[in-house]
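Trainee: 3D, please:
(one chain, ligands or ions: 1)
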Amino acid sequence: MRGLAKAYGTLRAVDGLDLDVEPGQCVALLGPNGAGKTTTTEILEGYRHRDAGEVRVLGVDPARGDRHWRARIGIVLQQVGDLGELTVRESLRHFAGYYPDPRPVDEVLEQVGLAAKADARGRTLSGGQRRRLDVGLGIVGRPELLFLDEPTTGFDPEARREFWTLVETLKDEGATILLTTHYLEEAEALADRVGVITRGRLVAFDPPGELGGRHTGSARVRWTEDGQPRSEETEEPTALVAALAARFGGEVPNLTVTRPTLEDMYLALVDEPAEPA
Ligand code: ATP
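Mentor: Residues are numbered from 1 along each chain as shown. You can find the predicted model right below:
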């Protein structure tokens, strides 16, 4: 996308976004509530009109996407649909019928951890189970491109790990994935690149380990000396550790070297004051 823009009245929800996602990449969009992530995603999915900008999704302008284009895309929306009286298996079978080459329903049930709930009606599922079904409905069509809008909200930690494994499988199969999430560890685990959006603009787009210069910034070295905790911030942690090792003549007690976490970098990026008007 180039120069993507969308306003609601006077609010510029998306304000000139440029972003490239390569085939086979997993990109995570991060940003505070209201930053414009869902609006951007919905434009890419063809569900929302843009005011300005150039967009191609699988080579097609999503405002003109037809059935064939739509069949190549999988979507897990933030809002869950009402699946009421259908059972889990029936819902999956129903959605599978829309696609030319769907995954076998039993395979999807296994992949999203709902095999034991296959015959339960949608309305009887727990929040996390419904979310798993949403993910199942998003992948049943074997999409080339998968949009996941906050897919693991409401998941317990084990379900989240299982979901990460599923995403790794989809990546291995060659799927391209655009994910929005508020869980930084999720972005770190899954994304090849992380895009940070604030006020409708992209303020960073880097591999998670390099966001905001995380890999080159200073590191904090901690150790214990004379029974006291010691700590030093340095641009050259290797040199400091070598000097400590020489001084101690071997193991340095309680030695750790830490870089800023993804969360540290993210918070620094979204805390930047607004540009003057
Ligand atoms: P969250 O992390 O909370 O899901 P988001 O980054 O996905 O947020 P959007 O849902 O894209 O943010 O919203 C961007 C801005 O546009 C917000 O200020 C929101 O209130 C506003 N907005 C979104 N949809 C509409 C709408 N249909 N009408 C008016 N304003 C809207």
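
Trainee: any stretches of this protein with poor pLDDT?
Mentor: 79-83, 272-277 (pLDDT under 70).

Trainee: spell out which parts of it neighbour the ligand.
Mentor: Tyr8, Leu11, Ala13, Gly31, Asn33, Gly34, Ala35, Gly36, Lys37, Thr38, Thr39 (C-beta under 6 Å from any ligand atom). Backbone N, C-alpha and C define where each C-beta goes, glycine included.

Trainee: beta partners of the first one?
Mentor: Beta-bridge pairing for Tyr8 (DSSP bridges): Leu11.

Trainee: what comes up buried for stretch 32-47?
Mentor: Ala35, Gly36, Lys37, Thr38, Thr39, Thr40, Thr41, Glu42, Ile43, Leu44, Glu45, Gly46 (16 or more other C-beta atoms under 10 Å).

Trainee: correct me if wrong: the last one contacts Gly65.
Mentor: Yes - in this structure, Gly46 is within contact of Gly65 by C-beta atoms under 8 Å, at 4.5 Å.

Trainee: any chance you could map the helices in the stretch 51-200 of the chain?
Mentor: When secondary structure is read from DSSP state H, counting those that start in this stretch, the stretch 51-200 of the chain shows helices at 67-71, 88-96, 105-111, 127-139, 157-172, 184-190.

Trainee: what packs against the second one?
Mentor: Right, the one you point to is helix 88-96. helix 105-111, helix 127-139 (3 or more C-beta pairs under 8 Å, 6 or more residues apart in numbering; DSSP states H and E).

Trainee: can you put those helices in CSV and add mean neighbour count?
Mentor: Formatted as CSV, those follow (neighbours: other C-beta atoms under 10 Å):
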stretch, mean neighbour count
helix 105-111, 19
helix 127-139, 22
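
Trainee: kindly reformat the helices of the stretch 51-200 of the chain as a markdown table containing distance to Asp20.
Mentor: Converted to a markdown table, the helices of the stretch 51-200 of the chain look like this (distance: least, C-beta to C-beta, whole Å):
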| stretch | distance to Asp20 |
| --- | --- |
| helix 67-71 | 19 |
| helix 88-96 | 30 |
| helix 105-111 | 29 |
| helix 127-139 | 23 |
| helix 157-172 | 18 |
| helix 184-190 | 18 |
